[in-house]
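# Got a predicted structure here, sequence first:
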2 protein chains.
Amino acid sequence: MDELHEVVEQRLGSAGSRYTRGRRRLVDELCTAGHPLTVRELLHRAETLSTSSVYRNLAILEACRVVRQIPSLSDDGVRVELHEDLTGHHHHLGCSSCGDLVDVVLPEEIESALARATAEVESTTGFRAEGHRLELFGTCHSCQ
Amino acid sequence: MDELHEVVEQRLGSAGSRYTRGRRRLVDELCTAGHPLTVRELLHRAETLSTSSVYRNLAILEACRVVRQIPSLSDDGVRVELHEDLTGHHHHLGCSSCGDLVDVVLPEEIESALARATAEVESTTGFRAEGHRLELFGTCHSCQ
DNA sequence: CTACGTGCAAACGGTTTGCACTAGA
DNA sequence: TCTAGTGCAAACCGTTTGCACGTAG
């Protein structure tokens, strides 16, 4: 966690930005949540921060590759999570009932199959791929 | 194409809705485009339709499983495409530069690997999966 | 001391809704 | 005929912006 804050401070610093209490709070909440949060949830969890500061800080943290936005299927708005640089590559299980998004790490087998498929797409279409995003959607355990 | 309209008419009919000129126009545009369109693009292509009608019709077509919404990574709003029931299972290549989304059908090998991974996730997490969504992001041929 | 960051309130823009009118079966 | 669909304009609401004040370094 200290390590995380250190990396974040460094990334903000090299962009000429400060690691203020508000920004630290956002990173803390995202880290302890352990899964993507909606802006609404972030606003609620960090009640001392004003709406505009949350939006402004998320934009800055995104530009510094500290967080990233995830477009959500269920319509409760965009979600935010710590960048994969900081948490490691993973995917999401999305519950169509409660809308929650949970992290999941898939076996190496599937990741390498995806890498192979990506290479094939690149060579047949001329598209240059930088990465992939996979979501399994369905019903989570507590909603069944 | 006639076949498509027939299926759509049937799905609308069984929901007590009519297949009007406006709805047919939306389906036509989505079909000829051959890839997901933003609402803005749809509004532009079907200029005879009012904004409110487009939104209302998209909601109805979505409820009847004729179209589906795709949350977009690049922030030009939500995209709409014909439902996979009508077009077949596929994924998307998303260009981070121009924002375009192109359909791609992946080899059976990767689909079965995804199915295997999904089954594993279901048994280890209790999540009940209904399907998956995969997007490869990068730079399209014309943006390189 | 001098940016940068913050809160507040107003502005913005995509989406939705109310209502009177039109059109499909 | 009679219900569903449509256009227009207003309302809505999540997000962004302007501005004056606060704070980190």
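Received it, and whenever you're ready, just let me know what you need. Predicted model only: the values in this text are computed from it and were never measured.

# Against DNA strand C, how distant is A:His83?
18 Å (Cβ to the nearest atom of the strand, to the nearest Å). C-beta here means a position set from N, CA and C on the backbone, and glycine is covered the same way.

# burial measure for that residue, as a count.
Neighbour count of A:His83, defined by other Cβ atoms under 10 Å in any protein chain shown: 17.

# what's near enough to touch it?
When the contact criterion is Cβ atoms under 8 Å, 6 or more residues apart in numbering or on different chains, the partners of A:His83 are A:65-68.

# go on, A:Gly131?
With contacts taken as Cβ under 8 Å, 6+ apart, A:Gly131 has the following neighbours: B:136-138.

# May I ask which of those residues has the most neighbours?
B:Leu136 (25 neighbours).

# is it true that that one touches B:Cys95?
No. Applying Cβ atoms under 8 Å, one finds B:Leu136 not in contact with B:Cys95, separated by 10.1 Å.

# Determine the set of other helices and strands touching the lengthiest helix in chain A.
Ranked by residue count under DSSP state H, the longest helix found in chain A is helix A:108-125. In terms of contacts (3 or more Cβ pairs under 8 Å, 6 or more residues apart in numbering or on different chains; DSSP states H and E), helix A:108-125 is packed against strand A:128-139, strand B:101-104, helix B:108-125, strand B:128-139.

# Is any residue of the strand or helix carrying A:Ser52 near chain B?
Assignment of secondary structure by DSSP states H and E places A:Ser52 within helix A:51-63. No. Using Cβ under 8 Å from any Cβ of the partner chain as the criterion, no contacts between helix A:51-63 and chain B are found, and the smallest distance is 11.2 Å.

# buried residues in the helix or strand where A:Val8 lies?
With elements taken from DSSP H and E, the one containing A:Val8 is helix A:2-13. Across helix A:2-13, burial judged by 16 or more other Cβ atoms under 10 Å in any protein chain shown covers A:4, A:7-9, A:11-12.

# who in chain A is up against DNA strand D?
A:18-21, A:39-40, A:51-52, A:55-56, A:59, A:77-78 (Cβ under 7 Å from any atom of the strand).

# Need the buried ones from those selected in PyMOL.
Typed into PyMOL, the line below selects the buried ones among the residues of chain A next to DNA strand D, using 16+ other Cβ under 10 Å:
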select buried, chain A and resi 19+39
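
# got a list of what the residue nearest to A:Cys95 when sequence neighbours are not counted touches?
With sequence-adjacent residues excluded and distances taken as Cβ to Cβ, 6 or more residues apart in numbering or on different chains, A:Cys95 is closest to A:Cys140, at 3.8 Å. A:Cys140 sits next to A:93, A:95, A:97-98, A:100, A:102, B:126-128 when contact means Cβ under 8 Å, 6+ apart.

# Mind doing that once more with 7 Å?
Taking Cβ atoms under 7 Å, 6 or more residues apart in numbering or on different chains as the definition of contact, the neighbours of A:Cys140 are A:93, A:95, A:98, A:100, B:127.

# that older thread, restrict the buried residues of helix A:2-13 to contacts with chain B.
Among these, no residue is within reach of chain B (Cβ under 7 Å from any Cβ of the partner chain).

# Now render these as TSV, adding pLDDT and distance to A:Leu86.
TSV is the format used below for those (pLDDT from 0 to 100; distance: Cβ to Cβ, whole Å):
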residue	pLDDT	distance to A:Leu86
A:Leu4	95	6
A:Val7	95	7
A:Val8	97	8
A:Glu9	96	13
A:Arg11	96	9
A:Leu12	97	13
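
# what are the phi and psi values for A:Leu37?
Taking degrees, to the nearest 10, you get phi -120, psi 150 for the backbone angles of A:Leu37.

# Please look at it and A:Arg79 and confirm they touch.
Yes. Counting by Cβ atoms under 7 Å, A:Leu37 touches A:Arg79, with 6.3 Å between them.

# Looking at those two now, which is surrounded by more residues?
Residue environment comparison for A:Leu37 versus A:Arg79 gives the larger neighbour count to A:Arg79, 25 against 21, counting by other Cβ under 10 Å.

# I figured the more buried one hits A:Arg68, correct?
No. In this structure A:Arg79 lies outside contact range of A:Arg68 using Cβ under 7 Å: 9.6 Å.
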